[in-house]
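Trainee: The sequence and its predicted three-dimensional model are supplied below.
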Number of protein chains: 2
Amino acid sequence: MAEDRNMAVVTCSAPVNIAVIKYWGKRDEEAILPINSSLSVTLHQDQLKTTTTVAVSRDFKEDRIWLNGTEDNITHPRLQTCLREIRRLARKRRNSGDENCNTFPTVSYKVHICSANNFPTAAGLASSAAGYACLVYALAKLYGLEGELSEIARQGSGSACRSMYGGFVQWVMGEKTDGSDSIAQQIKPESHWPELRVLILVVSAERKPVGSTTGMQTSVKTSPLLKHRAEKIVPERMKEMTEAIQCRDFESFAQITMKESNQFHATCLDTFPPIFYLNNISRRIINLVHKYNSHHGETRVAYTFDAGPNAVIYTLHQHVEEFVEVVKHFFPPEENGGQFLKGLPVKSVSLSEQLKSSIQTDPVKAGIQYIISTKVGPGPQLMEGPNHHLLGKDGLPKQIPVSF
Amino acid sequence: MAEDRNMAVVTCSAPVNIAVIKYWGKRDEEAILPINSSLSVTLHQDQLKTTTTVAVSRDFKEDRIWLNGTEDNITHPRLQTCLREIRRLARKRRNSGDENCNTFPTVSYKVHICSANNFPTAAGLASSAAGYACLVYALAKLYGLEGELSEIARQGSGSACRSMYGGFVQWVMGEKTDGSDSIAQQIKPESHWPELRVLILVVSAERKPVGSTTGMQTSVKTSPLLKHRAEKIVPERMKEMTEAIQCRDFESFAQITMKESNQFHATCLDTFPPIFYLNNISRRIINLVHKYNSHHGETRVAYTFDAGPNAVIYTLHQHVEEFVEVVKHFFPPEENGGQFLKGLPVKSVSLSEQLKSSIQTDPVKAGIQYIISTKVGPGPQLMEGPNHHLLGKDGLPKQIPVSF
């Protein structure tokens, strides 16, 4: 926390997470309590992160928020919930007579929030998870709060609770009606499985799909398969997936990941009216992965898709180069289309004719816009030094040009 | 049955059926016993039928079969099963001392079979159902067999048992291991609901999808959702659908039909590796139907899709003209593409601007190849008179040019 005369300011960053056991459906819309537990991998912030600066000052007239350079509506109910909950904790701590309290700013001051992603919204990654995790983490740092914060992040956006930790994280669904046991827990830190790699294949989409909040509401109401999945299938898969991660068993990890993705999209199709998130390119990627694995006689690569057409690929470091080359071959980038491969560098390799012919599909030009290459990463970080702040000394956004 | 010196010959026709409660998955591959009951509507043979001529003669040296003008393999196991079962019944009847027996040909004679569809295979309709129903029905007529024949047709192709009756037909899954109670039953005849109309939208497909035999094997092995569907969901839906048909309640009939189609495709997606039968045009048709119904504030039209991208639409006669016009508007036919509307005539009408704009989608040229307009129809028919025979007096196929 930096104090600048009247203003206290903190900047933090938080990661994106990609579920391998999917969250789809709430049992309580208000408190954001899920119908099943879920499990995710936290991605590295060198490639994908949200940065959020929070500042309080007695000079601020009202709470305000800026997202990616534009002022947004502070009265959004979920944002209000997070602010209220953090302030409640801060007050509670103060009232408990904690002697460190005076180092931290007064709760009654208004807050300015400025948040930005280092990746384009067009990437279709659930930026609300990183966003709410970052907000809650930054506010907690500002007020000097410790302890369980994922419960608050969850009330901003369900999957945000999982972005509160690095590595491999489960969101335990909990049983209580107040949601106090519906929290995220780290299963293993990011250092546990250093060979694991992640590729995000950003697919060219025709149109904006159904939002996940509305989508999951309709699914809970109408899909008999979703109910069965949540009650009977997910508990078993949570156990199997946890074991696969603990043993670094890529074969099992990959198989469950793909089956989970498929089952999630199956429940979307069982929703009435049905919801389609996968497009033709998504389906081609699925076929490509199965053919690639079959060619090698082992599961080297796994796909997973969230509420959109983009694929997230999990693989091991020794297979990244060949698989990226396969993607480039079957989805040749548009000429003059800009950088195709972003993130961690990947060397070009040559593909055997045998591999190409066993995939047996026609290349689709520009079907994939670009690839982001990344790996497993840590949880939210405090960013020290005033250069990181997105808010200037006047408490307003600095004019930093955004580039990706 | 016509006798021409040494040869006894019979020609019959049989209908296509389209399931509204879907059959997907066998509990016994050999006997073709399903994991759930199913229910279908028999389509009218004026538009879609298989015609089969069967002939026996002491002069025939071996069993032979011709399909759509080309000789095919008579040793196909399922074909052999049907021949064997029919001959077994014929022998049994003869051994029982039935005095009519002498009017019918000797079971030991070899058989010639010639079969043709009046619709192109490209229509992607399950022609094996009509084909096996027609074969079994024609052989039964030839040997003068009466009674329950759907059990034999089922052993040719599961859904063929439903083509043994007209109107609305259920295939009761049965419980016995010998399959003797896994038979088709008519719920209501074709005269029961004269307002019901059927439109087949033949979609342009990129490639041949996974065959249904292989597809359902993989689904039974790998999809946990399919198991739940078969055990818990279908029994309830069979009851609801039967009631909807009995009451001619189009709203319920349509809703269950669409949910069933979606759930079947959901279980295909839950199969591992996943199976995709719907393509982008199929999904656009689904969206179009939902928007059309919502525009009118009632369910006027229902879609159902089998193991391919073609849509079958159920509607009521008073809505056919407008809906066909909507299809023509949003899937404009290719110029010089041949006749777009086949089957029962449908008058052109004009669409309101309000309707067009509430559907809110871009037209896709040539996305649909053509429409076949038809209705509910009767079961297999004996075709009397020698002109109908597909086999000539020499027991070989007549050279009749096939045209659609």
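Mentor: Thanks, I have the structure now.
Trainee: is it true that residue A:133 touches residue A:14?
Mentor: Yes: the pair residue A:133 / residue A:14 is scored as a contact, 4.1 Å apart, by Cβ atoms under 8 Å. All C-beta atoms are positioned from the backbone trio N, CA, C, and that covers glycine.
Trainee: tell me, what's touching the two both at once?
Mentor: Shared contacts of residue A:133 and residue A:14, defined by Cβ atoms under 8 Å, 6 or more residues apart in numbering or on different chains, comprise A:50, A:163, A:164, A:380.
Trainee: Just to check, the last one is in contact with residue A:17?
Mentor: No: here residue A:380 does not reach residue A:17: they are 11.3 Å apart, not a contact under Cβ under 8 Å.
Trainee: Can you pick out the residue with more neighbours from those two?
Mentor: Counted by other Cβ atoms under 10 Å in any protein chain shown, residue A:380 and residue A:17 do not tie: residue A:17 has more neighbours, with 32 against 28.
Trainee: Excluding sequence neighbours, find me the nearest residue to the more buried one.
Mentor: The shortest distance from residue A:17 to any non-neighbouring residue, by Cβ to Cβ, 6 or more residues apart in numbering or on different chains, is to residue A:40 (4.1 Å).
Trainee: Check the contact between residue A:241 and residue A:255; I expect there is one.
Mentor: No: contact criterion Cβ under 8 Å: residue A:241 and residue A:255 do not qualify, at 10.0 Å.
Trainee: so how many other residues sit close to the residue of the stretch 1-150 of chain A at minimum distance from chain B?
Mentor: Going by Cβ to the nearest Cβ, chain B is nearest to residue A:22 of the stretch 1-150 of chain A, at 12.6 Å. When counting by other Cβ under 10 Å, one arrives at 25 neighbours for residue A:22.
Trainee: Quick check: the closest residue to residue A:80 other than its chain neighbours vs residue A:59, distance?
Mentor: Spatial nearest neighbour of residue A:80, excluding adjacent residues (Cβ to Cβ, 6+ apart): residue A:74 at 7.7 Å. Per Cβ to Cβ, to the nearest Å, residue A:74 is found 17 Å from residue A:59.
Trainee: Close to chain B: what parts of the stretch 201-350 of chain A are there?
Mentor: By Cβ under 8 Å from any Cβ of the partner chain, the residues of the stretch 201-350 of chain A that approach chain B are A:224-225, A:228-229, A:232-233, A:255, A:258-259, A:262-263, A:265-267, A:269-274, A:276, A:279-280, A:283, A:286-287, A:290.
Trainee: so of those residues, which ones are in helices?
Mentor: If you go by DSSP state H, those have A:224-225, A:228, A:255, A:258-259, A:262-263, A:265-267, A:269, A:280, A:283, A:286-287, A:290 in helices.
Trainee: Which parts of the stretch 1-150 of chain A are helices?
Mentor: A:77-95, A:127-143, A:150-156 (DSSP state H, counting those that start in this stretch).
Trainee: Okay, buried residues for the shortest one please.
Mentor: By 16 or more other Cβ atoms under 10 Å in any protein chain shown, the buried positions in helix A:150-156 come out as A:150, A:151, A:152, A:153, A:154, A:155, A:156.
Trainee: need the contact list for the fifth one.
Mentor: Just to be clear, that refers to residue A:154. Contacts for residue A:154 (Cβ under 8 Å, 6+ apart) come out as A:32, A:160, A:161, A:171, A:179, A:182, A:183, A:184.
Trainee: ok, of the residues you listed, which come out buried?
Mentor: Among the contacts of residue A:154, the ones that count as buried by 16+ other Cβ under 10 Å are A:32, A:160, A:161, A:171, A:179, A:182, A:183, A:184.
Trainee: Return the closest of those with respect to chain B.
Mentor: Nearest member of the buried ones among the contacts of residue A:154 to chain B, counting by Cβ to the nearest Cβ, is residue A:171, at 21.6 Å.
Trainee: Any idea how many residues pack against the residue nearest to residue A:80?
Mentor: There are 17 residues near residue A:74, going by other Cβ under 10 Å.
Trainee: State the distance from it to residue A:111.
Mentor: Taking Cβ to Cβ as the measure, residue A:74 falls 9 Å from residue A:111.
Trainee: Please apply the same query to residue A:223.
Mentor: Between residue A:223 and residue A:111 the computed distance is 40 Å (Cβ to Cβ).
Trainee: With residue A:349 instead?
Mentor: 50 Å.
Trainee: what about the two, which has more around it?
Mentor: The residue with more neighbours, out of residue A:349 and residue A:111, is residue A:111; 25 against 12, by other Cβ under 10 Å.
Trainee: in the sheet, who's paired with that one?
Mentor: Residue A:111 has these beta-bridge partners by DSSP bridges: residue A:56.
Trainee: Please name the residues that touch it.
Mentor: A:54, A:55, A:56, A:60, A:63, A:64, A:83, A:139.
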